[in-house]
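Visitor: I'll drop the sequence and a predicted model, then ask my questions.
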Amino acid sequence: MRKYTIYSLYIGLLFGLFACSNPSNNQQTGGGLLDECPIVASRQVDNHDTLTTLHLSKVKEKEQIIPLSALTNSLRLIKLENTETALVRQGGISVSEHYIGIHGFGQVPYKLFDQKGKYIHQIGSFGQGPNEYKVLYDDQIDEKNNRIYLLPWTTNKILVFDMQGNALPPIPLPNRIPKGVFNIDTQKGQLTMGMIPFKWLENNMTVWQQDFKGNILQQVNGEQFYVGDDYSNEVYNTKNTTSFDFMQFSWVPRQDSLYHYSAQENKLYPVFTTDFENSEIIRHSFTELKDYYIVCLMTKLTTGAFGSKASGFRYILIDKSTLKGSYVKFVNDYLANIEIEYPDLAFMEGRFVQNFDPGDLKGKMETTLSTATGMTEDEQSKWTQLINSFSEDDNNYILIGDIKDSHTLTPAQTTPGVQVIAPSGYQEMEKTASSLTHIDTSDSKDTVVVTTPFFYEWKNYFRENNKYKDWDAKNEKAVMIRAAVDEQGHLSQIRLFRKSGEEKLDEEALRLVKSIKPIDPAKNKENEPIKTNNFIITVYFPPK
């Protein structure tokens with residue numbers, strides 16, 4: 001399921017390390033990323049079908065660095081609207097020309113945003129009734145035809161909504177689908193679906209096409225793709241090319257392939273596989289880009305309270321044209337060279353897309369900067385300034401980069417910049433020493449807020465006056481209070497912004513904030529005290 005996105009290195013190193021040649025001799029000439037690497041794959045053509053096979057033993061152990069700017073034209077960091085109804089978790093993302101759709105793990109409804117991060121509304125709702133769902137497995141935004149399609153986990157129908165959130169008649173499916181991926185042509189009224197075949201299903205299929213009434217038009221038998229009635233297996237469809245790509249991940253290591261579905265021939269034909277030769281088969285998955293294949297090898301297995309999970313990931317990048325390849329590490333050189341975790345999951349629908357908790361992103365960038373060497377003052381200042389604009393109290397950040405054309409696959413020659421986008425009037429929540437956070441301007445649109453209010457003694461004040469200073473640190477809580485601050489530093493319009501789930505803690509947070517002494521007010525560019533509306537102060541239990 002490619003939509004779930006389940007960091008150092010200094011920029012100056014990247015241009016010496018991204019290819020396979022000796023760093024001192026590596027000069028980029030405008031060719032492919034892997035031009036100096038050995039040929040690691042072979043190509044077999046059979047009746048116009050082409051199968052590329054990676055020979056694992058031919059891949060050199062040396063790991064090459066691939067900067068994200070070598071694969072994308074730019075990167076946008078979109079700060080999602082930070083209101084209570086707009087909050088999201090890390091999870092599935094779909095991106096269209098003007099919209100972003102997000103569904104998180106667990107009991108979280110599908111939420112629709114525009115490309116500036118402004119929250120529009122939720123689509124459907126959590127539950128078991130009509131047009132409701134518990135967990136979503138796949139989705140598709142078709143804004144051209146004013147449609148959003150949602151595929152719940154273990155379902156017999158695809159839910160259909162218009163872009164305004166109105167429910168439309170669902171598309172019935174011939175099976176109850178345990179885990180599936182799909183692509184819909186709205187104008188043709190036709191659905192292509194791929195799924196993990198289970199033996200208990202009435203119709204033994206793995207890929208098929210049908211109309212919107214549930215009538216099967218053609219199908220591929222699922223018997224040869226059966227890997228066991230095991231919900232730990234997954235099915236993938238990245239939509240990075242014009243083909244319907246299809247792969248099943250099996251928890252039990254086995255030899256398998258990445259397939260394309262040919263509707264004209266009603267056939268799944270293999271396009272990529274890996275030859276482990278005499279070595280033990282490793283759990284793996286394949287991702288197809290326009291010009292590359294990415295192989296993910298899961299080299300370790302971790303066992304915990306909730307079962308086993310794969311860990312110790314290694315990645316191989318193979319050039320489709322030259323068949324050259326290497327072990328690689330992908331780094332985001334737009335964001336201080338943080339390592340890109342699960343890069344195979346980040347490329348979908350022809351884009352690089354990630355969904356970040358702001359605290360996680362901030363922590364990864366800080367860690368990378370703290371270990372980097374040889375960084376210029378300008379680079380250090382640039383990334384530090386960006387980090388300081390992040391707040392752990394923000395809603396999630398979405399990273400979106402458009403994939404380059406093959407003839408321009410070279411890294412940026414200077415430190416690339418990231419475009420930060422937020423909805424109009426975005427609640428920035430930039431933390432200050434007072435723990436008060438500015439999220440709006442003053443009443444006058446012409447007033448520029450240069451400094452936000454400061455309450456220098458906030459830590460000691462909350463520690464000394466908090467009735468619940470001994471609150472269990474293993475179950476820590478936070479209450480966010482909204483307030484206005486006048487020119488004299490007095491607080492007013494104090495109200496709850498985000499609750500803790502404990503009524504007594506919410507009440508205590510309000511009491512503490514209401515009793516705060518005058519603070520240093522915000523100032524404009526002339527260093528004059530000004531009134532500011534809509535500030536946030538966070539009260540922690542136990543106090544920090």
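Guide: Noted; the coordinates are in hand.
Visitor: by contact count, what packs against the longest helix seen in the chain?
Guide: Secondary structure of the chain read by DSSP state H shows that its longest helix is helix 358-371. Of the remaining helices and strands, those touching helix 358-371 by 3 or more C-beta pairs under 8 Å, 6 or more residues apart in numbering; DSSP states H and E are strand 338-339, helix 377-388. (C-beta placed from N, C-alpha, C; glycine too.)
Visitor: list the buried residues in it.
Guide: 358, 361-366, 368-369 (16 or more other C-beta atoms under 10 Å).
Visitor: try stretch 494-510
Guide: 494, 496-498, 500, 502, 505-506, 508-510.
Visitor: state the pLDDT value of Thr368.
Guide: pLDDT, Thr368: 88.
Visitor: how near is it to Asp333?
Guide: Thr368 sits at a distance of 11 Å from Asp333 (criterion: C-beta to C-beta, to the nearest Å).
Visitor: same question for Val235.
Guide: Val235 is 32 Å from Asp333, by C-beta to C-beta.
Visitor: between these two, which has more neighbouring residues?
Guide: Asp333 (26 against 23; other C-beta atoms under 10 Å).
Visitor: the more buried one reaches Gly401, doesn't it?
Guide: No. If you go by C-beta atoms under 8 Å, Asp333 and Gly401 don't touch, sitting 11.3 Å apart.
Visitor: give the intersection of the neighbour lists for these two.
Guide: Counting by C-beta atoms under 8 Å, 6 or more residues apart in numbering, the residues touching both Asp333 and Gly401 are Leu68.
Visitor: return the set of residues that bridge with Val353.
Guide: In this entry, Val353 is beta-bridged to Ile400, by DSSP bridges.
Visitor: please disregard the earlier target; I meant Thr273.
Guide: Where Thr273 sits in a bridge, its partners, by DSSP bridges, are Thr53, Ser257.
Visitor: am I right that it is in contact with Tyr259?
Guide: No. Between Thr273 and Tyr259 there is no contact under C-beta under 8 Å: 9.8 Å.
Visitor: who has more neighbours, those two?
Guide: Per other C-beta under 10 Å, whichever of Thr273 and Tyr259 has more neighbours is Tyr259, with 25 against 19.
Visitor: need the three-state assignment for the more buried one.
Guide: Using DSSP: H, G, I helix; E, B strand; the rest coil, the structure places Tyr259 in strand.
Visitor: for it, give me its contacts.
Guide: Counting by C-beta under 8 Å, 6+ apart, Tyr259 has contacts 245-247, 268-271.
Visitor: OK, contacts around Ala473?
Guide: Pro542.
Visitor: the spatially most distant residue from the centre of the chain in helix, strand or coil?
Guide: Distance from the centre of the chain peaks at Gln488, with 43.3 Å (C-alpha atoms, centre = their mean). Assigned state for Gln488: coil (three-state reduction, three-state DSSP).
Visitor: grab the nearest non-local neighbour of it.
Guide: Spatial nearest neighbour of Gln488, chain neighbours left out: Pro518 (6.2 Å); criterion: C-beta to C-beta, 6 or more residues apart in numbering.
Visitor: does the one you found count as helix, strand or coil?
Guide: Strictly by three-state DSSP, Pro518 counts as coil.
Visitor: can you tell me how far the nearest residue to Lys144 once chain neighbours are set aside is from Lys179?
Guide: Leaving aside its sequence neighbours, Lys144 sits nearest to Thr186 (C-beta to C-beta, 6+ apart; 7.8 Å). For Thr186, the distance to Lys179 (C-beta to C-beta) stands at 23 Å.
Visitor: more crowded one of these two?
Guide: Lys179 (19 against 16).
Visitor: neighbours around the nearest residue to Trp251 once chain neighbours are set aside, how many?
Guide: Spatially, and ignoring its direct neighbours in sequence, Trp251 is nearest to Ser232 (4.4 Å; C-beta to C-beta, 6+ apart). Other residues near Ser232 number 12, with proximity taken as other C-beta under 10 Å.
Visitor: what pLDDT does Ser232 get?
Guide: For Ser232, the pLDDT comes out at 83.
Visitor: do I have it right that the residue nearest to Lys144 meets Asp142?
Guide: Yes. Contact criterion C-beta under 8 Å: Thr186 and Asp142 qualify, at 5.2 Å.
Visitor: which positions in stretch 146-165 come out as buried?
Guide: Residues of stretch 146-165 classed as buried by neighbour count (16+ other C-beta under 10 Å): 147-153, 155, 157-161, 163.
Visitor: export the residues you listed to JSON lines and tack on distance to Lys514?
Guide: JSON lines is the format used below for the buried residues of stretch 146-165 (distance: C-beta to C-beta, whole Å):
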{"residue": "Arg147", "distance to Lys514": "49"}
{"residue": "Ile148", "distance to Lys514": "44"}
{"residue": "Tyr149", "distance to Lys514": "48"}
{"residue": "Leu150", "distance to Lys514": "44"}
{"residue": "Leu151", "distance to Lys514": "48"}
{"residue": "Pro152", "distance to Lys514": "45"}
{"residue": "Trp153", "distance to Lys514": "46"}
{"residue": "Thr155", "distance to Lys514": "49"}
{"residue": "Lys157", "distance to Lys514": "51"}
{"residue": "Ile158", "distance to Lys514": "51"}
{"residue": "Leu159", "distance to Lys514": "46"}
{"residue": "Val160", "distance to Lys514": "49"}
{"residue": "Phe161", "distance to Lys514": "43"}
{"residue": "Met163", "distance to Lys514": "43"}
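Visitor: give me every residue that touches Thr287.
Guide: 2, 236, 238, 240, 293-294, 296, 344-345, 347.
Visitor: now Gly325
Guide: 34, 37-41, 54, 59, 316-319.
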